[in-house]
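Novice: have a look at this prediction, sequence included:
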Amino acid sequence: MDYTKQIQDIAARLFSEGKIDVFVGYRSTGYDENQVPVIITDAGEVDKLVFNDRSVFNLVNYLKFEQTRNKRVGIVVKGCDSRALNLLLTESQVKRDNLYIIGIACEGVLGEDGRKAQNCLECVMPDAVVYDELLGTPSGKREYVVNADILEIAAKGLTERAAYFEDVFSSCIRCNACRHSCPLCYCAKCCIDQDSSALYNGSNTESSAFHALMTWSLHLAGRCVDCRNCEKACPSHLPLHLLHKQNEMVIYQNFQGHLSGLVPEERGAFYKYSLSDPDDFIM
Amino acid sequence: MSFSTYKTDKAGLQKFYEAIIGACSTYAPVEKFGKYDYQKVAGLAACNPDSPIGNTMSIKPLFFPKSAKILKYKADSSGTEVSETTADPLAEKRVILGVKHCDARGLQVLDHVYKWDFIDTDYETRRNNTIIVSTRCDKAGEQCFCTSLDYDVEKSDAFDVLIVNGDNGTIYVQARTEKGEGFLKEHAGNLAAADGGAEEAMKKQYKSFEDSFRLKMNYEEINGKMKDRYESDEFDKVSANCIGCNTCAFICPTCHCFKISDERIKDEGVRYKSYDSCNNGYFTLMAGGHNPRPVKYRRWRQRAMHKFVYYKERFGVNLCVGCGRCAISCPVNISIFEVVKQVAK
Amino acid sequence: MDSEVKNKIVSIEKPQLEAPADWQPVIIGILCNWCSYAGSDLTGTSRIQYPPNIRIIRVPCSSRVDPWFLIKSLQTSADGVLVSGCHPGDCHYITGNYFARRRFLVTKKLLNFVGYHEDRIQFSWVSAAEGPKFAKVVEKVTQDIRKLGPLHLNKKENFNR
């Protein structure tokens, strides 16, 4: 999967036609195979752009920042990235007219170990769902599979799970990289960063991490697109996908097979209801 | 004053470590979720003193923990009562194994600010009660640049005991401070005294280590140029990718900014001192709403200047120690090395 | 296969440390103003006794309950939480409780996934006329939490040491 040439050409064309102010894409680090995001502002820089199976970071995250706000933006999106973009459009965080979207029919990206990333193996929609131009041949929607890791954890007893997650939460240093790298976390001030000492959790303790990570995953439930930006950003390497995939599974199984961001104009799972939603757990 | 050098092999080193773990409270790199954290260990099998560079957190949390309780209080209509929390768990006499040179240097650099206008007694106690055993890296990491800065990595006395891998499986153990000398006299029972060839073997190892660096800079030149670059437009360009998370400051071995926060239920509460980062949008937010650093490039400028200019001006040592952890952990791989090189061009 | 997964998640474990003899559970009750709060009021005026461990917070609608409230309650001092609203179809704001029950299910399952027993947070539909039912609900929740024991005892780090 290599669309470097096509993307460079498209970006150059967009700049020369005056259609965009900035272009958000990937560039190589220069010393290893990893790629990092790059924001270029003129046609002279298009030769920095690359795209292959190491283009991992979800670039839709950059639509939250100063560099792209109120500007006309060209952006490269894979399947999962475009689902996040769909949700941002539905939630009125970006204007469709300001974007030129290059969609990719993604074949999966590689993790740091050189093997296909776990979320790519379980991907439900590798093709971009919103785009102005699509590169590659679409392969269509795939069957939803339950994440193998959460089945493994669910099979353990309650005390074992509690011990495992206490370990996870006490390794968290509350750097908030997960929130900042998530494209769908765009609140100007997070609800748990309030000034009131009754609500604020400034301490970087286990209970503070429990509060932050649980609240964060529940506010993302029904919206998360499994791009794994959060997990890659985490300096403590916490297995954050466990929380999100668990929510995704419960939502898929109980709310008419809802998966986030596949349909334009469709909001997250918590913004809809059905008269037949289960409530046998309610007395 | 010259300090003792001993020599041993892999098996001997294991025995040495085990003797230390048996006799003293010991911290060493322990694997957690794919990266290494310094934790108290009860046996050599649980840890890896030779943990890889890219994956090991710094020892800063053992001296400046991510969250520390500083007092408890009870405030109701009858008055306010303040009490101490339990004793500092980090203040006991302890040994840290497998420390990298850059981290040890980081502590030396932090000493200046913690003993400056106000002596931080917690930090001082922890420092005085710790023996640092540092293994010199054999090969530099992708993001390392410790040899390019203003300290002599080879002759450093930031650590008490130095361990160097020589040729043919020989391992040299050398004291670097008086504390280290005393420590080795007590615990190096199974180590043999090194012969005359030790100096040369260690120099050879250092040379091959020095040659393995991908990143090199001329520190004097960069430091000199940065002083005039406050108004440079480059800061905006280099910080364009930054997503404003606090990761770089939290894992940096020398960042020391903190915040004080209270957590209470009704009338009782605990006051915590925890990590903070100048990269955070709310770092400079004041009561009343004014924020002198509202935009990203200003915060990045502050960070780069503090690391490479201000601290050097005030204390005579560079705050950045060249460990490269910020670049490794940054979600978008921004490297302070690239930033200062770009700005000082 | 799906039902297998659903059933695997629930299991009952005993807490490792024993609660002190005089321990009383702290239960937060978040009640919707129009149905459950009025219902609990009826319980009181009918002089029906129910355990005093519940602390009631009034919200306009069960839909006002953000999962954050439940997490925060458990993180600080609550041993259990009860959220109660109008019966589906009877919500004062027409559709609030339909949205709420989606959130409740996901929150309950996630808390169980990270090692909190399912019965720590419970939900009920109690209408303004169901005074006796409210008492029964509080009775059940309090008993369940008593069996499960204090929440913060077994954690390595207590919130308020």
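Specialist: Okay, I see it. Numbers count the residues shown, from 1 in each chain, chains lettered A, B, ... in the order given.
Novice: in stretch B:268-275, what's buried?
Specialist: Neighbour counts over stretch B:268-275 (16 or more other C-beta atoms under 10 Å in any protein chain shown) mark B:269-275 as buried. Every residue, glycine included, has its C-beta placed from N, CA and C.
Novice: do any residues in that stretch lie close to chain A?
Specialist: Yes: residues of stretch B:268-275 contacting chain A under C-beta under 8 Å from any C-beta of the partner chain: B:269-270, B:272, B:274-275.
Novice: could you dump those to CSV with secondary structure, distance to B:Thr121 and pLDDT?
Specialist: CSV is the format used below for the residues of stretch B:268-275 next to chain A (DSSP: H, G, I helix; E, B strand; the rest coil; distance: C-beta to C-beta, whole Å; pLDDT from 0 to 100):
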residue, secondary structure, distance to B:Thr121, pLDDT
B:Gly269, strand, 23, 80
B:Val270, strand, 20, 83
B:Tyr272, strand, 18, 88
B:Ser274, strand, 19, 90
B:Tyr275, strand, 20, 91
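Novice: of these, closest to B:Lys204?
Specialist: The closest of these to B:Lys204 turns out to be B:Tyr275 (C-beta to C-beta; 40.0 Å).
Novice: tell me the SS of B:Lys40?
Specialist: When classified by DSSP: H, G, I helix; E, B strand; the rest coil, B:Lys40 comes out as strand.
Novice: on that earlier part again, of the buried residues of stretch B:268-275, which are in range of chain C?
Specialist: Checking the buried residues of stretch B:268-275 against chain C by C-beta under 8 Å from any C-beta, the ones in range are B:269-270.
Novice: looking at the buried residues of stretch B:268-275, spot the one nearest B:Ala91.
Specialist: Nearest to B:Ala91 among the buried residues of stretch B:268-275 is B:Lys273, at 15.0 Å by C-beta to C-beta.
Novice: which ones are touching the closest one?
Specialist: B:67-68, B:70, B:258-260 (C-beta atoms under 8 Å, 6 or more residues apart in numbering or on different chains).
Novice: let's see the PyMOL selection covering just the buried ones among these.
Specialist: In PyMOL, this line selects whichever of those come out buried by 16+ other C-beta under 10 Å:
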select buried, chain B and resi 67+68+258+259
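Novice: in a markdown table: the contacts of B:Lys273, plus pLDDT, secondary structure and distance to C:Ala38.
Specialist: Listed next are the contacts of B:Lys273 as a markdown table, based on pLDDT from 0 to 100; DSSP: H, G, I helix; E, B strand; the rest coil; distance: C-beta to C-beta, whole Å:
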| residue | pLDDT | secondary structure | distance to C:Ala38 |
| --- | --- | --- | --- |
| B:Ser67 | 88 | strand | 43 |
| B:Ala68 | 87 | strand | 47 |
| B:Ile70 | 86 | strand | 46 |
| B:Phe258 | 92 | strand | 49 |
| B:Lys259 | 89 | strand | 44 |
| B:Ile260 | 89 | strand | 44 |
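Novice: where do the helices sit along the chain?
Specialist: Defaulting to chain A. Along chain A, counting by DSSP state H, helices occupy A:4-16, A:79-90, A:118-121, A:148-154, A:158-171, A:177-181, A:206-220, A:229-233, A:241-254.
Novice: let me rephrase: I mean chain C.
Specialist: Ranges of helices in chain C, per DSSP H, are C:2-8, C:38-45, C:67-75, C:96-113, C:131-148.
Novice: contacts for stretch A:239-254, please.
Specialist: Identification of contacts with stretch A:239-254 by C-beta under 8 Å, 6+ apart yields A:118-119, A:144, A:146-147, A:149-150, A:153, A:168, A:178, A:213-214, A:217-218, A:220-222, A:224, A:226, A:228, A:230-231, A:234, A:258-260, A:269, A:277-278, B:33, C:2, C:5-6, C:105-106, C:109-110, C:113-114.
Novice: quick one: stretch A:144-155 near chain B?
Specialist: No: using C-beta under 8 Å from any C-beta, stretch A:144-155 stays clear of chain B, coming no nearer than 12.6 Å.
Novice: mind exporting the C-alpha coordinates of that stretch to CSV?
Specialist: The C-alpha coordinates for stretch A:144-155 follow below in CSV (Å, rounded to 0.1, in the frame of the first residue of the first chain):
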residue,chain,number,x,y,z
TYR,A,144,-17.6,-7.3,13.5
VAL,A,145,-15.5,-9.5,15.8
VAL,A,146,-15.2,-9.3,19.6
ASN,A,147,-11.7,-8.3,20.6
ALA,A,148,-9.7,-11.3,21.8
ASP,A,149,-8.1,-9.5,24.7
ILE,A,150,-11.3,-8.5,26.4
LEU,A,151,-12.6,-12.1,26.1
GLU,A,152,-9.4,-13.2,27.9
ILE,A,153,-9.9,-10.7,30.7
ALA,A,154,-13.7,-11.4,30.9
ALA,A,155,-12.9,-15.0,31.5
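Novice: buried residues, it. List them.
Specialist: Across stretch A:144-155, burial judged by 16+ other C-beta under 10 Å covers A:146-147, A:150, A:153-154.
Novice: same check, this time on stretch A:83-98
Specialist: A:83-90, A:93-94.
Novice: mean confidence (pLDDT) on it, please.
Specialist: In this model, stretch A:83-98 carries a mean pLDDT of 93.
Novice: straight-line length of stretch B:330-340, end to end?
Specialist: Length of stretch B:330-340, first residue to last, C-alpha to C-alpha, to the nearest Å: 16 Å.
Novice: any low-confidence regions in chain B?
Specialist: B:1, B:86 (pLDDT under 70).
Novice: up against chain C, what does it have?
Specialist: Proximity of chain B to chain C (C-beta under 8 Å from any C-beta) is limited to residues B:69, B:72, B:85-86, B:263, B:265, B:268-270.
Novice: now, which of these lie within strands?
Specialist: B:69, B:72, B:263, B:265, B:268-270 (DSSP state E).
Novice: out of these, who's nearest C:Gln143?
Specialist: Distance to C:Gln143 across those (C-beta to C-beta) is lowest for B:Ile265, with 24.8 Å.
Novice: what pairs with the closest one across the strands?
Specialist: Beta-bridge pairing for B:Ile265 (DSSP bridges): B:Glu268.
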